[in-house]
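In: Whatever this is, show me its structure:
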Amino acid sequence: MGVTWDIVQQKTALIVHDMVNEMVDEKGLMYDPSVKKVQRNVKKLIKECRAKKILIAHALPGQKNAKDFGRVADFYPELISHKAMLAGTWGGAAHPSVAPKKGDVVVHKKKMGAFHNSTMHSALMKRGIDTVIITGVSTSGGCDSTARDATNRNRAQPLFKSSIGILNPDPIDNFVLLSLHALKHSYSRTIWLIDLYESLQGIVSQTDGWKKIIERTRYWQQEKIVSYGLMVLEGILGFNIPVRVKEKLKFEKFGKIEKYLLRLRIKGFKQPGYYIALWFLSIKGIRNRLEFLRETAFPQDDTMEQIYLKSSKNNRFAQWIGRMIQSVVLLGNGIKQAFSNR
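Out: Take a look at the predicted model:
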């Protein structure tokens, strides 16, 4: 049975996390094109919350020098080399499209989450806030850290729409999902590897953490996907994977091509399309692999509509031909680039 809470406007705040120039502006060092859609949605959400008299709280970087970022700076060289996202600089300021207005709360945080060692908690307590809505970037980094910290302070409640709950997955299931996500993007972004690292670190620090990971990985039948991620974490970030875990997940049964592709990534190789080969090799059985190839080249209608948003269904045959050619070229380029980096 689901649990629901009423959203009381006077006791609710929208926390806008790290929507700063360095992340949102095209000139920013941390900018990614995918943030454009996030920006539009955040702007729309802020407007809606203002209309409903819901408090807006902006969580902005409070680091005054690169050393204040701590270990995070190890994974983002631009934080040191270009002094990115520092408090008081253009990069650390709120983007004009979502800038604070009179009456908003502005908090300069010291760590990834908005509550850690900041005035966010006291600012919300002072205003009688007991429920928070969290938006901004990044979902699996700062927003996730903020949500977990808020929950520990008895401050966060699920946000519901039409009585359907938006729930956090179990931490171990979330690790499996993060492993899938990282592979889908060819382990190309350091932030996704950090997500995996921190998620794994939290799980294995608990009693029987590794045992639970193995059990849930087997439950979801994602042994190879999770194993790929563990091997990349060990090779790039130095996370020690116990021998017994490697034996349980059958690392020794990796094929030569799998080992070669994973070593490439560990050595720094990054190319879109690279993941398709690993994903194909992770699938059990010839029949399932052929089905994967068929679905990749000839997606179902609902998938085609997402790929070709502005095209008519009348052009479906032409779209399928184009998709098939695109898939072959993408895979071919990925393999070619991979073997050119031997």
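
In: what sits against Ser97?
Out: Val24, Gln39, Lys43 (CB atoms under 8 Å, 6 or more residues apart in numbering). Yep, even glycine has a C-beta here, placed from its N, CA and C like the rest.

In: On the three-state scheme, it is what?
Out: Of the three states, Ser97 takes helix according to DSSP: H, G, I helix; E, B strand; the rest coil.

In: domains for the protein, by residue range?
Out: The chain breaks down into these domains under automatic domain parsing: 9-165, 171-282, 293-342.

In: So for the host helix or strand of Leu177, mean pLDDT?
Out: Leu177 is located in helix 171-184, with elements delineated by DSSP states H and E. Helix 171-184 comes out with an average pLDDT of 86.

In: and the domains of the chain, which one's lowest on average pLDDT?
Out: Among these, domain 293-342 has the lowest mean pLDDT, at a mean of 63.

In: okay, now Thr119: neighbour count?
Out: By other CB atoms under 10 Å, the residues close to Thr119 number 15.

In: whoops, I mixed them up, Ser188
Out: Neighbour tally, Ser188, other CB under 10 Å: 16.

In: secondary structure class for it?
Out: Classification of Ser188 by three-state DSSP places it in coil.

In: Run through the helices of the stretch 1-150 of the chain in chain order.
Out: Under the criterion DSSP state H, counting those that start in this stretch, the stretch 1-150 of the chain contains helices at 21-24, 35-51, 72-75, 78-81, 120-126, 144-152.

In: Just name the most buried of these.
Out: Burial of these is given as mean neighbour count (mean count of other CB atoms under 10 Å); helix 21-24 ranks first at a mean of 24.

In: What are the contacting residues of it?
Out: By CB under 8 Å, 6+ apart, helix 21-24 touches 27-31, 35, 39, 84-85, 90-95, 97-98, 137.

In: Go ahead and build a PyMOL selection from the buried members of those.
Out: To isolate the buried ones among the contacts of helix 21-24 in PyMOL, judged by 16 or more other CB atoms under 10 Å, type:
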select buried, resi 28+29+30+35+39+84+85+91+92+93+94+95+98+137
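
In: In this structure Lys111 contacts Gly142, no?
Out: No. Using CB atoms under 8 Å, Lys111 makes no contact with Gly142, being 9.0 Å away.

In: more crowded one of the two?
Out: Legend: neighbour count by other CB under 10 Å for Lys111 and Gly142, higher for Gly142 (23 against 18).

In: contacting residues for that one?
Out: Counting by CB under 8 Å, 6+ apart, Gly142 has contacts His17, Asp18, Ala59, Met112, Gly113, Ala114, Gly136.

In: Repeat that for Val98.
Out: Shown in contact with Val98 (CB under 8 Å, 6+ apart): Val16, Met19, Val24, Gln39, Val42, Lys43, Ile46.

In: and the gap between the second one and Lys212?
Out: Read it as Met19. 36 Å (CB to CB, to the nearest Å).

In: circling back to that earlier point, let me have the helices of the stretch 1-150 of the chain in a markdown table, adding distance to Trp279 as columns.
Out: Shown next, in a markdown table, are these (distance: least, CB to CB, whole Å):
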| stretch | distance to Trp279 |
| --- | --- |
| helix 21-24 | 29 |
| helix 35-51 | 25 |
| helix 72-75 | 25 |
| helix 78-81 | 30 |
| helix 120-126 | 40 |
| helix 144-152 | 25 |
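
In: do you know which of those helices lies nearest Leu237?
Out: The minimum distance between Leu237 and the helices of the stretch 1-150 of the chain falls on helix 72-75, with 8.4 Å, by CB to CB.

In: my read: Pro100 touches Ala59, true?
Out: No. With contact defined as CB under 8 Å, Pro100 does not reach Ala59; the gap is 10.9 Å.
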